[in-house]
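**Student:** This is the structure alone, sequence omitted:
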Ligand code: TXA
Ligand code: MG
């Protein structure tokens, strides 16, 4: 069978042609706001049977009926409860499927033998127009091969269904990105069977009490029957095994960074991506943007299958709002192989230009019970002794080592004339350095850690820090200090100062600024101590 792709903006009559396919019992890929669906006439047993065949879906896994508005409810269901109309009023058109007693007109094949039926009204005008034109409710599971991640773009659906269905309507990429929320209205209290685009909190605001099916957050025991039959299957799974890592985003990122082996892939929030340089990475959006996580999760899971990654670690959002749905998909993709990342010590990043008094400030932090990691020193050590870093450098830049010693001149000649090469070197170094640094922090058992890094932001290390402190000082004072410290003349000290980032960079990026303009070292120490004590107290409170 040749699968036709309809482009609504180019193909006139696309709605009519699509509706005709449904009416004659064919299979049609339909866009919705959640994921693409594999649609057929939901009242036609043979058409419905073809859906199961195309997907390779177990026969007992019921399909959802798609309708263009709530007036169709009565045609598909009996004893429609008031709550259904209240929910429709509030959340339709939109990502909510309601389970209601089935009318006999709906074949058992559609409902997988159940006496109930799931109904939803998708928020995609094209699909609603097609259903209206077809004049029948459209049964549509997600348009993936059974077990694979759901398709959120027409191209994803074609990957799975090309040659198996009559046509697919390309309605753009899906705005929500995870499947609809499923609420069972045949039990009291109503029960959430699958979290999705409408959140549990939103449902409770309309229904009051809502219970949550065990299958949402945990793995089904053998022989246990979930209320939504589909929830028992391994699902959304890439070829490589997945580990879902929960915990605060900085903690899950740190856990992954410390445990990741060469050849393994990562799904992470945007800000942590630099920590995983050298690995196949798919990002979900910023950690505080749950809508982006929902939009990107399936594409991320799907993306690894074109690579040779041997395992995948995924940062898992917490369970509030949309996070419940995204976390559910990730945990299912992981076959509920979930690790909870341990809490990190208080992490304070330090950065700033030379001569601002960083060393003094770090001593203050040590006196307050913290340990300090100097990233420059760590790099110098690692480049002589850390085999994974050394071979990554050799692999990228050829043999730049004389025995154990790095030939800095040779490497310098390669990277300083070529910004792309320098960038590549930095990425390699940052990723290896972060990993080693996290191992050391873990082994130290320290309660607070100061990370001293010139490239605190570029390296991605800032993303692991609770606070980032920029240490600044007036230029004249810095010049005097550099002259005294390094025994160089004013001109050279000035050149060094000029070569560094200016104050504005630190003021724009750091969470806290500490200015060292005191004439007496003692009063600077007092100022630093006050700031660090306050920061540590704040962080402890935030984490509680
Ligand atoms: O967002 C969505 O809901 C997408 C788009 C295409 O609309 N559809 C979708 O369908 O996700 P599907 O078949 O991939 O997932 C439907 C889920 C399955 O877990 C199924 O077991 C459950 O809904 N389900 C369907 N009818 C049910 C019923 N009567 N009782 C309990 N669970 C039901
Ligand atoms: Mg599905």
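**Tutor:** Arrived safely. Here the structure is a predicted model, which means the values were calculated and not measured. Numbering: from 1, shown residues only. Ligands and ions are numbered 1, 2, ... in the order given.
**Student:** Identify the residues contacting the residue lying farthest from the centre of the chain.
**Tutor:** Here the chain has its C-alpha centre computed as a mean, and the residue farthest from that point, by Cα atoms, centre = their mean, is residue 489 with 51.1 Å. Applying Cβ atoms under 8 Å, 6 or more residues apart in numbering, one finds that residue 489 lies in contact with residue 483. (C-beta placed from N, C-alpha, C; glycine too.)
**Student:** Check the one 5 residues further on too.
**Tutor:** Residues counted as contacts of residue 494 (Cβ under 8 Å, 6+ apart) are residue 479.
**Student:** For it, give me phi and psi.
**Tutor:** Recorded main-chain torsions at residue 494 are phi -60, psi -40, according to degrees, to the nearest 10.
**Student:** Tell me the residue of the protein that sits nearest ligand 1?
**Tutor:** Among all residues of the chain, residue 230 sits closest to ligand 1, at 2.1 Å; criterion: Cβ to the nearest ligand atom.
**Student:** wait, doesn't that residue sit right on residue 61?
**Tutor:** Yes - using Cβ atoms under 8 Å, residue 230 is in contact with residue 61, at 4.9 Å.
**Student:** List, one by one, the residues from this protein near ligand 1.
**Tutor:** For the chain, the contact set with ligand 1 under Cβ under 6 Å from any ligand atom comprises 32, 34-35, 37, 61-64, 95, 97, 99, 111, 114, 116-118, 120, 122, 140-142, 179-180, 182, 193, 227-231.
**Student:** What are the boundaries of the helices in the stretch 301-450 of the chain?
**Tutor:** 323-333, 358-367, 375-385, 387-397, 408-415, 419-444 (DSSP state H, counting those that start in this stretch).
**Student:** returning to what we had before: how confident was the prediction at the residue farthest from the centre of the chain?
**Tutor:** The score at residue 489 is 95. That number is its pLDDT.
**Student:** same deal with residue 33?
**Tutor:** Here the pLDDT value assigned to residue 33 is 98.
**Student:** Torsion angles phi and psi at it?
**Tutor:** Here residue 33 shows phi and psi, under degrees, to the nearest 10, equal to phi -70, psi -20.
**Student:** Please name the nearest non-neighbouring residue to it.
**Tutor:** Residue nearest to residue 33 in three dimensions, not counting chain neighbours: residue 123, with 4.2 Å by Cβ to Cβ, 6 or more residues apart in numbering.
**Student:** need the contact list for the one you found.
**Tutor:** With contact set as Cβ under 8 Å, 6+ apart, residue 123 has these partners: 32-33, 93-95, 175.
**Student:** which one of residue 230 and residue 61 has more residues nearby?
**Tutor:** Counted by other Cβ atoms under 10 Å, residue 230 and residue 61 do not tie: residue 230 has more neighbours, with 23 against 17.
**Student:** tell me the SS of that one?
**Tutor:** helix (DSSP: H, G, I helix; E, B strand; the rest coil).
**Student:** That one: what's it in contact with?
**Tutor:** Applying Cβ under 8 Å, 6+ apart, one finds that residue 230 lies in contact with 61-62, 194.
**Student:** what's the answer for residue 122, then?
**Tutor:** The contact partners of residue 122, taken as Cβ under 8 Å, 6+ apart, are 30, 32-34, 37, 66, 93, 128.
**Student:** ditto for residue 31
**Tutor:** By Cβ under 8 Å, 6+ apart, the contact list for residue 31 reads 124, 126-127, 154, 169-172, 174.
**Student:** same question, residue 261
**Tutor:** Contact criterion Cβ under 8 Å, 6+ apart gives 310-311 as the residues in contact with residue 261.
**Student:** Pretty sure it sits in a helix.
**Tutor:** No - according to three-state DSSP, the state of residue 261 is coil, so it is not within a helix.
**Student:** heads up, I number from 11, so please use that
**Tutor:** Sure, I'll start counting at 11 from here, so that last one is residue 271.
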